[in-house]
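Engineer: sequence first, then the predicted structure, then my questions.
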Amino acid sequence: MDSSGDQPADDGKQRERAQGESDNDTLKYSLLGPSLTKAGQDAVDQQKVSEVIYNASKGSKFFNREQERDRNLTVKIERIRKEKARLEQLDLSHDLRKVDEFLAELELTRDLSQHVIHVDCDAFFAAVEELDRPELKTVPMAVGKGVLTTCNYLARKFGIRSGMASFVAKKLCPQLVLLPQNYEKYTAKAKEIRAIMAEYDPLFESASIDEAYLNITSYCSENELDPEEAVQRMRAEILETTKVSVSAGIAANAKLAKIASNQNKPNGQFRIPNDREAIMEFMRHLPVRKVNGVGRVFERELESVGIKNCGDIYPQRALLTKLFGEKAFQFLAQCYLGLGRTKIQPVETYERKSVGTEATFHEIGDKEELRAKLWWTAQELEKDMARTQFKGRTLVLKVKLHTFEVLTRQTAPPRAVFQAKDLYDFALPMLAKLEKDIPGMKLRLLGLRCTHLVSTKKAGINFFGAAVQPKSNVSSAVHVNSEYDIGAEEAFEEAARQEVQDEMNELEKLSQEASDLPEETNPTTTTWDCPICARPQVADDRIFNDHVDFCLSRQTIREVVQDTTQGVAVPGRKRKTASQSGPEGDIRQKRLFFQ
DNA sequence: GCGGATCAC
DNA sequence: TATGGTGATCCGC
């Protein structure tokens, strides 16, 4: 968007930042939200938007918390500045030499032989809604209830963005049309799109419901196509068959492709040539904020040491480790050089590290009411643990106080846990201690999460790298929960399966035990809507999943390699109709500092 | 290993 | 009136 730095929005921002670090300016900038750098905001007067948001928020508990965070960050930044000034008095030649050696080594890892693309659907949720109701195309519209997950480009003209509270959005644009989220609908559309992407790279990597990475090197050579032609073709095919427009970035690695896909949004594509000088030149003028992993906080910290664009990293390179740590230094070094990973692989090959659930509610101080919420949370987590087929060796309790302050407490139960009763029993002491330590504690959120997971999956037979028969969808669908893996790691996987084999019997008892739960808390009447046929189904995990698999196999539009909708690709396969998910969120998070 | 903080979507 | 949920990683202790 503003790599050339010539937008009015950017000018305004710079002016605001340059006038000094007065509490208000940085706070207002922060209140603008994390998605300021997204497309569609170019022609917006951010000063004015900032005022509206500020005035709508002022005095609220949320605002006060943001203000405190901003003050803390300002203090931290002052420390960084002082530390930098101190370091600059020292002899840094040793550090400089080591850094340059590292950069030289990094340079040797540069691989310009691959064509990686990042595909990003344009205002995905809003676009899908517009397909059903074309009249929405002509009005500012957003998806999401309390907080917006997506909005169309008409809404963006008013300064509206994802992540914004809807009452604030209404202040910016009173005629804004708000739609509830319909995750199943978006999932179905995403499946259509993925079916097409699989033609171009069967091993593509879903980054979220509306984003994916592909390595199209083979496709291009086999079809004797230029990467840009191939991407033109794929985008046209997606638009033609699914009626959803996508943007794409083409580059030598995933990091660059991701940046490039934002360059010509919406419905555009951009290529960074596989050429070292072109890449370095591109990065030199690129604001660090554009890089995945640099958020509002890191942006401010970097700015305070004179790093605004990736090119500014080089002159400061000798200081970075001491100021921000080794990982951050390595990350910035890769940003400067424009390096990133070229290996694209299905998300199913990534190992899940945690399963959790959390929910916001009206302020609660009553202890009995809090216990009821905890029990409900435990039940929700049990469902997710059953669905993902894990137990947890560690249980994490998360609370958000009425002041918006977030606390977590964790414990290691004597055995791996997954049943609601266990989750509740082991979480309750943590909650009780918090109540004891914080007199008059009032909560607005409760969450539970299991980490140090132990898989309870059956030993499967489906490996992604192996020749899986697409036709076997129906029969294999029941077993698709097996972990995929490739190469040498298969041995490890096999060992892991052996380890959990003895825990299988317990899992088998899950459904029986679930029905033994107290009557008033056992949601026997709950039903789930099938995301495919939309009919309500009983809330039993296995019956539900079997039904969905049946529906999927019947309505397969194209033969996708294996089943891209399983596992992570459709994180919310089983979702309550009304449940909220993230703004096009997913259960996997990128490795921020690792390529 | 724990808890806070940051980030993505 | 009112500011989300899921998952990952890093840092300081």
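Structural biologist: Arrived safely, thanks for sending.

Engineer: for A:Val244, give me its contacts.
Structural biologist: A:Cys121, A:Asp122, A:Phe124, A:Ala127, A:Val128, A:Leu131, A:Lys189, A:Ile193, A:Ile238 (Cβ atoms under 8 Å, 6 or more residues apart in numbering). C-beta: built from backbone N, CA, C; applies to glycine.

Engineer: contacts only, for the fifth one.
Structural biologist: Residues in contact with A:Val128, defined by Cβ under 8 Å, 6+ apart, are A:Lys185, A:Tyr186, A:Lys189, A:Val244.

Engineer: just give me the neighbour total for A:Ala257.
Structural biologist: For A:Ala257, the count of nearby residues is 28 (other Cβ atoms under 10 Å).

Engineer: okay, it and DNA strand B: tell me how far apart.
Structural biologist: Going from A:Ala257 to DNA strand B by Cβ to the nearest atom of the strand, to the nearest Å gives 11 Å.

Engineer: give the closest residue to that residue in space, chain neighbours not counted.
Structural biologist: Of all residues beyond its chain neighbours, the one nearest A:Ala257 is A:His118 (3.9 Å), with distances taken as Cβ to Cβ, 6 or more residues apart in numbering.

Engineer: hmm, that neighbour is touching A:Asn253, no?
Structural biologist: No: applying Cβ atoms under 8 Å as the test, A:His118 and A:Asn253 come out as separate, 10.0 Å apart.

Engineer: just to revisit the earlier point, tell me the contacts of the residue nearest to A:Ala257?
Structural biologist: Counting by Cβ under 8 Å, 6+ apart, A:His118 has contacts A:Ala207, A:Glu211, A:Ala212, A:Tyr213, A:Ala248, A:Gly249, A:Ala254, A:Ala257, A:Lys258, A:Ala260, A:Ser261.

Engineer: out of those, which is nearest to A:Glu358?
Structural biologist: A:Glu358 lies nearest to A:Ala207 out of those, by Cβ to Cβ, at 22.5 Å.

Engineer: and the closest one, what element?
Structural biologist: strand A:205-208 (DSSP states H and E).

Engineer: sheet partners, orientation included, of that strand?
Structural biologist: Paired strands of strand A:205-208, with direction, are strand A:211-215 (antiparallel) (DSSP bridges).

Engineer: could the contacts of A:Val128 go into TSV alongside pLDDT?
Structural biologist: Below are the contacts of A:Val128 laid out as TSV (pLDDT from 0 to 100):
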residue	pLDDT
A:Lys185	97
A:Tyr186	98
A:Lys189	98
A:Val244	98
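
Engineer: what's the PyMOL syntax to select whichever of those are buried?
Structural biologist: Buried subset of the contacts of A:Val128, written as a PyMOL selection, criterion 16 or more other Cβ atoms under 10 Å:
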select buried, chain A and resi 185+186+189+244
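
Engineer: which parts of the stretch 1-150 of chain A sit against DNA strand B?
Structural biologist: With Cβ under 7 Å from any atom of the strand as the criterion, the stretch 1-150 of chain A meets DNA strand B at residues A:Pro34, A:Arg69, A:Asn72, A:Leu73.

Engineer: so which of those sit within strands?
Structural biologist: The members of these all map outside strands under DSSP state E.

Engineer: looking at those, which has the most residues close by?
Structural biologist: The residue in those with the most neighbours, by other Cβ under 10 Å, is A:Leu73 (19 neighbours).

Engineer: let me know the closest of the residues of the stretch 1-150 of chain A next to DNA strand B to A:Gly59.
Structural biologist: A:Arg69 (16.3 Å).

Engineer: give me the spatial nearest neighbour of the closest one, chain neighbours excluded.
Structural biologist: A:Arg69 sits nearest to A:Ser30 (Cβ to Cβ, 6+ apart), 7.6 Å away.

Engineer: quick one: neighbours of the one you found, just the number.
Structural biologist: 19.

Engineer: what's the helix or strand for it?
Structural biologist: helix A:23-31.

Engineer: helices or strands up against that helix?
Structural biologist: Contact here means 3 or more Cβ pairs under 8 Å, 6 or more residues apart in numbering; DSSP states H and E; on that basis helix A:23-31 packs against helix A:8-18, helix A:46-57, helix A:61-87, helix A:296-304.

Engineer: may I have the second one as CSV, with CA atoms only?
Structural biologist: Extracted C-alpha coordinates of helix A:46-57, given in CSV (Å, rounded to 0.1, in the frame of the first residue of the first chain):
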residue,chain,number,x,y,z
GLN,A,46,-6.9,8.8,9.5
GLN,A,47,-6.7,11.9,11.7
LYS,A,48,-10.4,12.2,11.5
VAL,A,49,-11.1,8.5,12.0
SER,A,50,-8.7,8.6,15.0
GLU,A,51,-10.7,11.4,16.6
VAL,A,52,-14.0,9.5,16.2
ILE,A,53,-12.6,6.3,17.7
TYR,A,54,-10.9,8.2,20.5
ASN,A,55,-14.0,10.1,21.5
ALA,A,56,-16.2,6.9,21.2
SER,A,57,-13.8,5.0,23.4
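
Engineer: buried ones in that helix?
Structural biologist: Within helix A:46-57, the residues scored as buried using 16+ other Cβ under 10 Å are A:Gln46, A:Val49, A:Ser50, A:Val52, A:Ile53, A:Tyr54, A:Ala56, A:Ser57.

Engineer: fine by me, we can end here.
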